[in-house]
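Engineer: Structure of the sequence below:
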Amino acid sequence: QDAFQTRSKSDVERYCREHEITFEWRPGDRLRTRQVRPAVARHPRTGELAWFNHATFFHVSTLGASIREQMLGALGEDDLPNNTFYGDGTPVEPEVMEQLRAAYLREKLAFAWRQFDVLMLDNMLASHGREPFTPPRRVVTAMADPCHWTDALPPLLHADAPSD
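Structural biologist: Residues are numbered from 1 along each chain as shown. Presented below is the predicted three-dimensional model:
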């Protein structure tokens, strides 16, 4: 209800079908969704290939050890609220996750926010972080020119690409 901003199962199902998200209603009106997406995307304007996914953010290893063990014990890997796998469903190795996180840290750019600062970025070419902060803080977000994920598929993965 929060993620899809509706109480209507049919609206959720329609959205999932339109965005190629598989879904399964579980006992207690719980919803399980699965998406298989490429790790890179083609920028719709520049054609540039960019790392564009949530692999490092939604992976179970982002949870603290204690919370991770509790959730795995209670729910199992398949029923976690968020997790990331390879496209074939196999688990991503911990050392791969460590390398990906290290790459993010190497490219990190941080600055001291001041009142009334505005940040504009291209969400496909620059990852944005979620650092701790001291309240009060008010963040206002606006997005422009959204595109469907299929419009950003790399050439070799695009449905219209020639095949051998």
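Engineer: Let me have the longest helix belonging to the chain in PDB, keeping just the CA atoms, if that works.
Structural biologist: Ranked by residue count and defined by DSSP state H, the top helix of the chain is helix 94-107. Provided in PDB are the C-alpha atoms of helix 94-107 (Å, rounded to 0.1, in the frame of the first residue of the first chain):
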ATOM      1  CA  PRO A  94      29.900 -11.400  -0.700                       C
ATOM      2  CA  GLU A  95      33.300 -10.500  -2.300                       C
ATOM      3  CA  VAL A  96      31.400  -9.100  -5.400                       C
ATOM      4  CA  MET A  97      29.200  -6.900  -3.100                       C
ATOM      5  CA  GLU A  98      32.400  -5.700  -1.300                       C
ATOM      6  CA  GLN A  99      34.000  -4.700  -4.700                       C
ATOM      7  CA  LEU A 100      30.900  -2.900  -5.800                       C
ATOM      8  CA  ARG A 101      30.600  -0.900  -2.500                       C
ATOM      9  CA  ALA A 102      34.300  -0.100  -2.700                       C
ATOM     10  CA  ALA A 103      33.800   1.300  -6.300                       C
ATOM     11  CA  TYR A 104      31.000   3.500  -5.000                       C
ATOM     12  CA  LEU A 105      33.200   4.800  -2.200                       C
ATOM     13  CA  ARG A 106      36.100   5.500  -4.600                       C
ATOM     14  CA  GLU A 107      33.800   7.700  -6.700                       C
END
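Engineer: what does that helix rub up against?
Structural biologist: Counting contacts by Cβ atoms under 8 Å, 6 or more residues apart in numbering, the residues outside helix 94-107 that touch it are Ala55, Thr56, His59, Ser61, Ser127. (Each C-beta comes from the backbone N, C-alpha and C, glycine too.)
Engineer: what about the last one, distance to Trp51?
Structural biologist: Okay, so that is Ser127. 8 Å (Cβ to Cβ, to the nearest Å).
Engineer: Could you give the separation of the strand or helix carrying Glu69 from the chain centroid?
Structural biologist: If you go by DSSP states H and E, Glu69 is part of helix 65-75. Averaging C-alpha positions (Cα atoms, centre = their mean, to the nearest Å) puts helix 65-75 21 Å from its chain's average.
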